[in-house]
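> Give me a model of this one.
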Amino acid sequence: ANAVRLYHAFGLEVDDDHGAFLDHAAHNGLNVLPGYHTENANHPDDCPKYDCFDTWKEATKFGLERGFQRGSDWHPAVAMLILLNEPDFFEHAPKCQPSGAWCHVKAAVSALDGVLAAEREAGISVGRVKFTVTWSFALRTSIDGKVTGPGVFGFQDVIAGVSDPSIAGYQPRASVQELTEAFRTRWVHGLNTQSPWGFVQDMVAREYDRFAPIPWFIGEYGGNGMPKAVIQADLEGMRRAAEEEGGFFAGAAMFQFQTTYWKGGGEMNFGLFGLGKRLLHKTGMLHDKFSPTPREWPVYCLDSHLDFLNGDVALRAHAVADAWGGSVPTGRSMCPHRRLSALPSTLLACRLSTHGGIGVDSVHARLGSGSFGSDLVRRTLSVIGADSTAIGGPLSVRVRSEAQAVGDSEDADIIVLGSDDGKASGALPWWIWTVIGASVGLFAVAGLAFAMFRVLGRRASARAAISRSQRNRVPKFESQSHV
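Take a look at the predicted model:
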């Protein structure tokens, strides 16, 4: 990873210097994407009628005085400021009356206006650090009615609000020309999503001609409930898109670094690391404006295997590691792990026999392609369920060709084989055979091959996650979100 996203770096009035953290990030080659405490916009004492100019201006000045400024510029580790996170949900807040898009558009434009004012007062050289708002992936229509779609509605909301702030009832302190120039030169569109990369890419790409050349990124990729193979494939696809010459996709932040235990429920699905029971040490005395009484907090070891999730859904950190070419951390900060016994495995074999004269090699190449394997794994998991007892471990696909004569038969025989030790693994439900048979049937007319699909229970590799992109037009982010 080459970036770390923070959610509450500004706006909580933590009266401590952040320079040491930023220095450490810069030393390790990490871009920092600090965010503002979004809920300040809904607080009754802040952002009157969602005019966040003063609130965001003061929060920015407070941070600049505590390590975020270096000379006449932002600290060199700071790459982009995340002004708001999913403000489209403001429409459900009691403060947003009458309910509507004007609340989040006014908050976004006034927040940008306030940060620009803070920069001017602090003597910050403008231009290097980018701005963004990360919108939800909900299906909405932009404030001007021009765009409908998940995420992209917010891209258009910013365009409409910057070009004509009165559309949201906002009177900017800066000129419209200053706001427009900041948007043109420093803006990056952002969205959060739990959806598969292919779907997100299709939904954004169909609208993106109207937004180019402003780049875009994924502020949160959730991979909610997805097994390791699916998350890894999605992250690899994002990496390829971010490195594509002339593209507008700037990268993604994996959501999120640590499990948010205090939220519970479905929010437990998103951490890369859980917390173990071994206490490492305690923090110093910490407080903020909502918790004014200083107190210490325990620091526990990190666990890369999330025991509260099923199967290899628990191996989220390993998925990131393998996708981005890094390694899962080791050392004292990580929890000790018991030696795991080998997981049971299930072996499924499908024999395709048909006439047609097509060579074994050509059929083997098609069945052995990466797209066939990933599509079959994704389809099987979607129907069977990643936590099904029919699956003994991570799914993978193995294809083996056998140049043997099978006559003119066009039948496809589905055979249950034993587990790795040769013992019978037991019969599977009829509907699983339907899924597998339908998948195999798609290729039965292609030629002659012997395809072996194997469900392997194996320990995931402990290799993990570093990826960099060196394009100069806009920073490319492959990030872990840090709450």
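
> just checking, residue 316 touches residue 231?
Yes - look at residue 316 against residue 231 with Cβ atoms under 8 Å: they come within range, at 6.5 Å. Placement of C-beta: from N, CA and C, glycine included.

> which neighbours do the two share?
residue 223 (Cβ atoms under 8 Å, 6 or more residues apart in numbering).

> more neighbours, those two?
Neighbours per residue, other Cβ atoms under 10 Å: of residue 316 and residue 231, the larger number sits with residue 316, 29 against 26.

> Phi first, then psi, for the more buried one.
Backbone dihedrals for residue 316, given as degrees, to the nearest 10, come out at phi -70, psi -40.

> what do you get for residue 144?
Residue 144 has phi and psi values of phi -90, psi 0 when expressed as degrees, to the nearest 10.

> State the distance from the closest residue to it other than its chain neighbours to residue 92.
Taking Cβ to Cβ, 6 or more residues apart in numbering as the measure, residue 144 lies nearest to residue 160, with 4.4 Å between them; neighbours along the chain are not counted. Taken as Cβ to Cβ, to the nearest Å, the spacing of residue 160 relative to residue 92 amounts to 21 Å.

> More neighbours: these two, which one.
Neighbours of residue 160 and residue 92, each counted by other Cβ under 10 Å, are more numerous for residue 160; the result is 21 against 10.

> ok, the more buried one - contacts?
When contacts are counted by Cβ under 8 Å, 6+ apart, residue 160 touches 105, 142-144, 146, 167.

> one step back: assign the residue nearest to residue 144 to helix, strand or coil.
Reducing the assignment to helix, strand or coil with DSSP: H, G, I helix; E, B strand; the rest coil, the entry for residue 160 is helix.

> What's the per-residue pLDDT of it here?
The predicted local distance difference test score for residue 160 is 98.

> Please apply the same query to residue 388.
The model reports residue 388 with a pLDDT of 60.

> before we move on, what about the one 4 residues further on?
Per-residue pLDDT puts residue 392 at 54.

> so where's the longest helix in the protein?
helix 102-122 (DSSP state H).

> Mind listing what's buried along that helix?
102-119, 122 (16 or more other Cβ atoms under 10 Å).

> Same check on stretch 318-328?
Of the residues in stretch 318-328, those buried by neighbour count under the rule 16+ other Cβ under 10 Å are 318-324, 326, 328.

> Any chance of CSV for those, columns pLDDT and secondary structure?
Putting the buried residues of stretch 318-328 into CSV (pLDDT from 0 to 100; DSSP: H, G, I helix; E, B strand; the rest coil) gives the following:
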residue, pLDDT, secondary structure
318, 96, helix
319, 97, helix
320, 96, helix
321, 95, helix
322, 96, helix
323, 96, helix
324, 92, helix
326, 91, strand
328, 93, coil
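
> of these, closest to residue 5?
Proximity of these to residue 5 (Cβ to Cβ) peaks at residue 320, which lies at 13.7 Å.

> from what I can see that closest one touches residue 236, true?
No - contact between residue 320 and residue 236 fails when scored by Cβ under 8 Å: they sit 10.6 Å apart.

> Quick check, residue 306 in contact with residue 270.
No - with contact taken as Cβ under 8 Å, residue 306 and residue 270 are classed as non-touching, separated by 9.9 Å.

> what do the two both touch?
Going by Cβ under 8 Å, 6+ apart, residues that sit against residue 306 and also against residue 270 are residue 259.

> which one of the two has more residues nearby?
More neighbours surround residue 270 than the other of residue 306 and residue 270, with 25 against 20 (other Cβ under 10 Å).

> phi, psi of the more buried one?
phi -110, psi -10.

> I'd like the distance between it and residue 220.
The span separating residue 270 from residue 220 equals 8 Å under the rule Cβ to Cβ.

> what is in contact with those two at once?
255-256.

> what are the ranges of the helices in the protein?
Taking DSSP H to define them, one finds helices in the chain at 19-27, 53-63, 102-122, 152-163, 176-186, 197-205, 228-242, 316-324, 360-367, 370-384, 430-441.

> For the stretch 201-350 of the chain, which segments are assigned as strands?
Read by DSSP state E, counting those that start in this stretch, the stretch 201-350 of the chain holds these strands, from start to end of the chain: 216-221, 249-254, 274-282, 286-288, 291-295, 298-303, 325-327, 346-352.

> Identify the residues contacting the longest one?
Under the criterion Cβ under 8 Å, 6+ apart, residues 258-259, 261, 296-303, 305-308, 332-333, 335-336 lie in contact with strand 274-282.

> mind showing which ranges of the stretch 1-150 of the chain have poor pLDDT?
Low-confidence segments of the stretch 1-150 of the chain (pLDDT under 70): none present.
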